[in-house]
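Visitor: Quick one, what's the 3D model for this:
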Amino acid sequence: MKERIEGLTPAGAYSPGILAEGRFLFVSGQGPVRDGENVRGSIQEETRITLENVGVVLRNAGLSFADVVRCGVFITDPDQFAGMNEVYGEFFPDPQPARTTVVTQLVGRIKVEIDCVAVAPAP
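Guide: Now for the predicted structure:
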C-alpha cells in the first residue's frame, strides 16, 4: 500500500512524497524553491529553503525531522560542504540520520537538493 504525500508542486512526473505501508515516508529530492521559482542565494540560504521544503512533506505525513533515518544530499561544489552542513545540522536532532553527500550538477542552477526517508513510530 502506498499513499501520495503532498509538498511543493513537482516539476516532473513524481510525487513529493510516498508513504509506504503507513510508516515509511520517501521524500523526493527537494530544492530551494519558493512560489514555484528556484531561489538563488548562498549555500546556507539554499540549504535552509530546501530543508524547509522537506519539512512540508514530513509534516503533511504527520512526521518530523526527528523521524528521518536517511538523507541524500546533492551539492554542486565540494567547497560548499561546510556551509551546507552548518545549516543541515540545525534541522536534525540526535541521533542524526544516516547521510550520503554527492557532488554533482543539478537542474535549474541550484546549489543543493536533498531527499530523505523517514519512519513513523510503531503504532
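Visitor: Checking my notes, residue 45 in a strand, right?
Guide: No. Counting by DSSP: H, G, I helix; E, B strand; the rest coil, residue 45 is not found in a strand; it is helix.
Visitor: Could you measure from it over to residue 91?
Guide: 14 Å (C-beta to C-beta, to the nearest Å). For every residue, glycine as well, the C-beta is placed using N, CA and C.
Visitor: neighbour-wise, which of those two wins?
Guide: Using other C-beta atoms under 10 Å as the criterion, residue 45 and residue 91 rank with residue 91 on top: 20 against 16.
Visitor: what ranges do the strands span in the chain?
Guide: Assigned strands in the chain, in chain order: 2-5, 17-20, 24-30, 33-34, 37-38, 68-75, 98-103, 112-119 (criterion: DSSP state E).
Visitor: Redo the ones you listed as CSV? Include distance to residue 54.
Guide: Below are the strands of the chain laid out as CSV (distance: least, C-beta to C-beta, whole Å):
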stretch, distance to residue 54
strand 2-5, 12
strand 17-20, 9
strand 24-30, 5
strand 33-34, 11
strand 37-38, 16
strand 68-75, 8
strand 98-103, 13
strand 112-119, 6
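Visitor: could these go into TSV alongside distance to residue 81, mean pLDDT and mean neighbour count?
Guide: Listed next are the strands of the chain as TSV, based on distance: least, C-beta to C-beta, whole Å; pLDDT from 0 to 100; neighbours: other C-beta atoms under 10 Å:
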stretch	distance to residue 81	mean pLDDT	mean neighbour count
strand 2-5	29	96	15
strand 17-20	26	97	19
strand 24-30	18	98	21
strand 33-34	22	94	16
strand 37-38	21	93	13
strand 68-75	7	98	19
strand 98-103	7	98	12
strand 112-119	10	98	22
